[in-house]
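Undergrad: A predicted structure for the sequence below; I have some questions about it.
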Amino acid sequence: MTTAEESMLRANAIGTPLTRLDGTEKVTGTAPYAVEHPVDSPAHLHPLQAAIALGRATGIDTSAAEAEPGVLAVLTHANAPRLASTGNGELEILQSGEVGYRGQFLGGVIAETPEIARRAADLIRVHYERYEHDVELRADRDDLYKPEQVNPAFDTDTAQGDADGALASAAVTLDATYSTPMEHNNPMEPHATIACWTDGELTLHDSTQGVYWTQAAVAPLFELDQQQVRVISPHVGGGFGSKGIPHPNVVLAAMAARLVPGRPVKFPLTRQQMFSVVGYRTPTIQHVRLGADEQGRLSAITLDVVEQTAKVKEFAEQTAIPTRTMYAAPHRRTSHRLAALDTPVPTWMRAPGECPGMFGPEVAMDEMALACGLDPIEFRVRNEPETDPESGLPFSSRNLVACLREGARRFGWHDRDPRPGTRRHGEWLVGTGVAASTYPVFAMPGSQATIRATPDGRYAVRIGAVDIGTGTWTALTQIAADALEVSVGEVDLEIGSTTLPTASGAGGSSGINSWGSPIVAAARTLRARLDEHGGTVPAEGVEATEGMPDNPHTSQYAMHSFGAQFAEVWVNADTGEVSVPRLLGIFAAGRIINARTGRSQLLGGMTMGLSMALHEESVLDPRFGHVVNHDLAEYHIATNADVGSLEVDWLDEHDPYVNPMGSKGIGELGITGTAAAITNAAYHATGIRVRELPLHPDKFLR
Amino acid sequence: MRLSFTVNGRQCEADDVWEGESLLYVLRERLGLPGSKNACEQGECGSCTVYLDGVPACACLVAAGQAAGREVGTVEGLAEGDGLGAVQESFVEAGAVQCGFCTPGLLVATDDLVNRVPHPSDAEIRESLAGNLCRCTGYEKIMDAVRLAADRRASSEASRSGKTDA
């Protein structure tokens, strides 16, 4: 039997900083994004959205809209196609006049130009029966409930030992509540679709994180076989989770196109529309309790999370998951409780679970280190577990302590004065902070790769993967080249379409793991077949198809990436303005497939973490149920001028158990822990402990 | 209206244009130049940055009628001959491109910066590009790309003036 070590791919192209293969198309403006695919005489869709948060449309007067020159059709629940019931309340739109959240689609106008469609949509008059809505998340609600599981399939609650007893007898304790706000993913490319029906089949040029995910969700709604829905998506302008499972905009585009058969309908969302229909990160309320002995060894860890879901469809963010793995303690408990509200449905947002879940607990670790009189790095080192604390499994590799130590050395942590509020540069209070990062190694089942060798010396690699900007085109080409033992120039990769072999989507940092593994398997089979032909390619070519191989180590090891983030923060003593002149992240995430695109993934993750720390907050008006700051003028994300020195590096980590590439996934690791490191640094600067993100200036004015 | 203007040095006409539609729409949907992107349509993100008479502007905020008779430059016009221009090449090499949606606007803004300021300081770069939002890269590689582009532009200017002197 081949050992894990022997089955590892020998690195030649992988690990090198190969320049992005889709770079030229992107800098010349020729890479086609969803609505840029050339189509003949497209029509344009503008949606009609609910102007109440809960109730029923009792009458929709479309006469003025229909009378507008250039209007092709008006879509409402009166003439919308009947959808099959799939149990997905988010996608089953226009089946009645019921309104479950403000901004929900009630219809749309299809017209010759976007302007005509938009103007006509404004002319539609809707009469509502309003019901009293409920959109406020609070920890003291009496209707919080326990979901059956949290995403994607974790236990809702866990408990070991006697946490309450251990806390009662601990020498040092901490009991604090932290919160993270509603946040919107805001990829730069708004969600966009071209839908076209031809002979009863549907083609979707869609901005999606998974062509097969979109197919799987859409086909049953319209009672089609999977192969009757073709989804094409070679380039995607970012997703960060919000283009994972499809949202109602895809369904509305498909419904609209049905009213004008044979004619493609373009439906790019506006930025404002994205704030009500394509999901968001749920706000979280995190109650953390820690107990430790006099030497700073944790005896108890509890985390009880309250967060929201939508009444139209359940979404249960796995916020407590990282706490189950980070630190050792014999007595522990985690729980999740949900409030079901009359709001849009939350969705995945970069590192769902881990990102919010590494805020409260990592700030708590900083507070507890101080309470124990220990340096926050030493405190974490003292509580480093030997095996995964809850499952008891050994780690396939875990280098959190090495990341903390290397980061401390590079950051200049050793002469840090732990006292808060004691360093000043003119009007600025200066501090430094640290937090840990982690993300699980996910592998999704079901992907297949086909490789075809032809006598001209080319290797066609085909898989229905997607590139949402991460570098899939480049990294999979590198993996294929090494698995085939050829140069990257001999490989022709095809991704981004359901005409290619089935594949999982880009989510959970699982892409390289889930697509690279079948590519390696197919390449190995192909090479064996080529050997049967004496190493030469016959005229008809040679082909091999393989699926995602079973990994027996998945049940034997706990597999996670780790990292350490360091922040220097300046807080203005007069205005409370927070500035972050320096961020350093040191990560251990197995083998990095492409040093150039990989570094950008981690830098980008940390910058989104900086953005989360300083700016991001969707403000929901409880009176009307909508997000008030629903555009990029009011929902602030970090700009170039917000970033100071930002540095990323990684440790060489050898892990033969995760997959043949030895890679763990890096799309989400970088955002975890950043906001905690900045918050801890802000405390060190000011002596003010903020437990609610974001760190807006008012929180430092006391 | 019939709209006549210059795009990337070429005279262009578009018929049946509504004066109030955006220059961005005219470029993307009527002239088949989808390089400039629509990401916010309110001038906040810079993804649609184009040259208007040599000055960077958000094409989403320019009404088609306002572009009549003027010169527009887009990302499609940044190539030099058959190859990439120095700014385009620098973005690819530095790894400043990820999803690529902010890239066309950033390229135009960077082209303008390195034309105006031969050796921009980091602070000047950050300030100049603060109106171009990027959600992927974290800006560090964009900084590298701009520095690289500025160096290349400066050295090609130097060699060109050297040749003229000779």
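TA: Everything's here; your move.
Undergrad: just say helix, strand or coil for A:Glu568.
TA: The local conformation at A:Glu568, judged by DSSP: H, G, I helix; E, B strand; the rest coil, is strand.
Undergrad: and for it, the neighbour number?
TA: 23 (other CB atoms under 10 Å in any protein chain shown). C-beta here means a position set from N, CA and C on the backbone, and glycine is covered the same way.
Undergrad: can you check A:Gly353 too?
TA: A:Gly353 has 27 nearby residues by other CB under 10 Å.
Undergrad: for the stretch 501-650 of chain A, what lies in contact range of chain B?
TA: On the criterion CB under 8 Å from any CB of the partner chain, chain B has as its neighbours in the stretch 501-650 of chain A the residues A:596-597, A:599-600, A:603-608, A:631-633, A:637-641, A:643, A:646.
Undergrad: again, only this time at 6 Å
TA: Residues of the stretch 501-650 of chain A lying close to chain B (CB under 6 Å from any CB of the partner chain) are A:Arg596, A:Ser600, A:Leu603, A:Gly604, A:Thr607, A:Leu632, A:Ala633, A:Thr639, A:Asn640, A:Ala641, A:Val643, A:Leu646.
Undergrad: looking at chain A, which residue is nearest chain B?
TA: A:Gly29 (2.1 Å; CB to the nearest CB).
Undergrad: can you select the buried ones among the residues of the stretch 501-650 of chain A next to chain B for me in PyMOL?
TA: Buried residues among these (16 or more other CB atoms under 10 Å in any protein chain shown), as a PyMOL selection:
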select buried, chain A and resi 596+600+603+604+607+632+639+640+643+646
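Undergrad: was I right to think B:Val75 contacts A:Gly29?
TA: Yes: B:Val75 is in contact with A:Gly29 according to CB atoms under 6 Å; the separation is 4.1 Å.
Undergrad: shared neighbours of these two, which are they?
TA: B:Gly35, B:Pro104 (CB atoms under 6 Å, 6 or more residues apart in numbering or on different chains).
Undergrad: comparing these two, which residue is more hemmed in?
TA: B:Val75 (29 against 23).
Undergrad: next up, the contacts around the most centrally placed residue in chain B.
TA: Centre of chain B computed as the mean C-alpha position; nearest residue by CA atoms, centre = their mean is B:Val108, 1.7 Å away. Contact partners of B:Val108, counting by CB under 6 Å, 6+ apart, are B:Thr49, B:Pro56.
Undergrad: just give me the neighbour total for the residue lying closest to A:Phe154 once chain neighbours are set aside.
TA: Among residues not flanking A:Phe154 along the chain, A:Gln318 sits closest, at 5.2 Å (CB to CB, 6 or more residues apart in numbering or on different chains). Counted with other CB under 10 Å, the neighbours of A:Gln318 add up to 25.
Undergrad: all strands of the stretch 201-350 of chain A, in order?
TA: A:201-206, A:229-232, A:265-268, A:284-292, A:298-310, A:331-341 (DSSP state E, counting those that start in this stretch).
Undergrad: out of these, indicate the one that is most buried.
TA: Comparing the strands of the stretch 201-350 of chain A by mean neighbour count (mean count of other CB atoms under 10 Å in any protein chain shown), strand A:265-268 comes out on top with a mean of 27.
Undergrad: where along chain B do the helices fall?
TA: B:23-25, B:86-94, B:103-116, B:122-128, B:140-165 (DSSP state H).
Undergrad: dump those helices into TSV; add distance to A:Gly471 and mean pLDDT as well.
TA: Below are these laid out as TSV (distance: least, CB to CB, whole Å; pLDDT from 0 to 100):
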stretch	distance to A:Gly471	mean pLDDT
helix B:23-25	28	96
helix B:86-94	12	96
helix B:103-116	14	97
helix B:122-128	24	94
helix B:140-165	12	85
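Undergrad: next one, pLDDT for the residue of chain B found nearest chain A please.
TA: Closest contact between chain B and chain A, by CB to the nearest CB, is at B:Gly35 (2.1 Å). Model confidence at B:Gly35, given as pLDDT, is 98.
Undergrad: returning to that earlier point: ok, which of the strands of the stretch 201-350 of chain A comes nearest A:Thr16?
TA: A:Thr16 sits nearest to strand A:229-232 of all the strands of the stretch 201-350 of chain A, at 30.2 Å, using CB to CB.
Undergrad: can you put the strands of the stretch 201-350 of chain A in JSON lines and add distance to chain B and mean pLDDT?
TA: Shown next, in JSON lines, are the strands of the stretch 201-350 of chain A (distance: least, CB to the nearest CB, whole Å; pLDDT from 0 to 100):
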{"stretch": "strand A:201-206", "distance to chain B": "13", "mean pLDDT": "98"}
{"stretch": "strand A:229-232", "distance to chain B": "16", "mean pLDDT": "98"}
{"stretch": "strand A:265-268", "distance to chain B": "7", "mean pLDDT": "98"}
{"stretch": "strand A:284-292", "distance to chain B": "22", "mean pLDDT": "98"}
{"stretch": "strand A:298-310", "distance to chain B": "24", "mean pLDDT": "98"}
{"stretch": "strand A:331-341", "distance to chain B": "27", "mean pLDDT": "98"}
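Undergrad: would you format the ones you listed as a markdown table with distance to A:Thr24 included?
TA: Compiled in a markdown table, these are given as follows (distance: least, CB to CB, whole Å):
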| stretch | distance to A:Thr24 |
| --- | --- |
| strand A:201-206 | 21 |
| strand A:229-232 | 21 |
| strand A:265-268 | 24 |
| strand A:284-292 | 42 |
| strand A:298-310 | 42 |
| strand A:331-341 | 46 |
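Undergrad: closest one to A:Asp415 among the ones you listed?
TA: Among those, strand A:284-292 sits nearest to A:Asp415 (CB to CB), with 25.7 Å.
Undergrad: which helices and strands sit right next to the closest one?
TA: Packing contacts for strand A:284-292, counted by 3 or more CB pairs under 6 Å, 6 or more residues apart in numbering or on different chains; DSSP states H and E, involve helix A:163-169, strand A:172-180, strand A:298-310, helix A:360-371.
Undergrad: now the ones you listed in TSV, with distance to A:Tyr212?
TA: Formatted as TSV, these follow (distance: least, CB to CB, whole Å):
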stretch	distance to A:Tyr212
helix A:163-169	42
strand A:172-180	31
strand A:298-310	25
helix A:360-371	35
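Undergrad: for stretch A:507-522, which outside residues touch it?
TA: Contacts of stretch A:507-522 (CB under 6 Å, 6+ apart): A:9, A:209, A:244, A:439, A:442-444, A:447-449, A:451, A:463, A:465, A:475-476, A:479-480, A:483, A:503-504, A:544, A:546-549, A:593, A:659-661, A:663, A:665, A:667-668.
Undergrad: then stretch B:11-22?
TA: Here stretch B:11-22 makes contact (CB under 6 Å, 6+ apart) with A:Glu115, B:Met1, B:Arg2, B:Leu3, B:Ser4, B:Val26, B:Arg30, B:Leu31, B:Cys60, B:Ala63, B:Ala64, B:Gly65.
Undergrad: which residues touch the third one?
TA: Translated: B:Arg2. B:Asp15.
Undergrad: please tell me how far it sits from B:Ala63.
TA: 15 Å (CB to CB, to the nearest Å).
Undergrad: got the domain ranges for chain A?
TA: A:23-31+A:444-550, A:35-132+A:186-277, A:149-183+A:281-441+A:556-700 (automatic domain parsing).
Undergrad: that older thread, surely the residue of chain B closest to chain A is in contact with A:Gly29?
TA: Yes: between B:Gly35 and A:Gly29 there is a contact under CB under 6 Å: 2.1 Å.
Undergrad: how many neighbouring residues does the residue of chain B closest to chain A have?
TA: B:Gly35: 26 surrounding residues under other CB under 10 Å.
Undergrad: now do A:Ile451
TA: Burial of A:Ile451, expressed as a neighbour count using other CB under 10 Å, amounts to 27.
Undergrad: sweet, I'm off.
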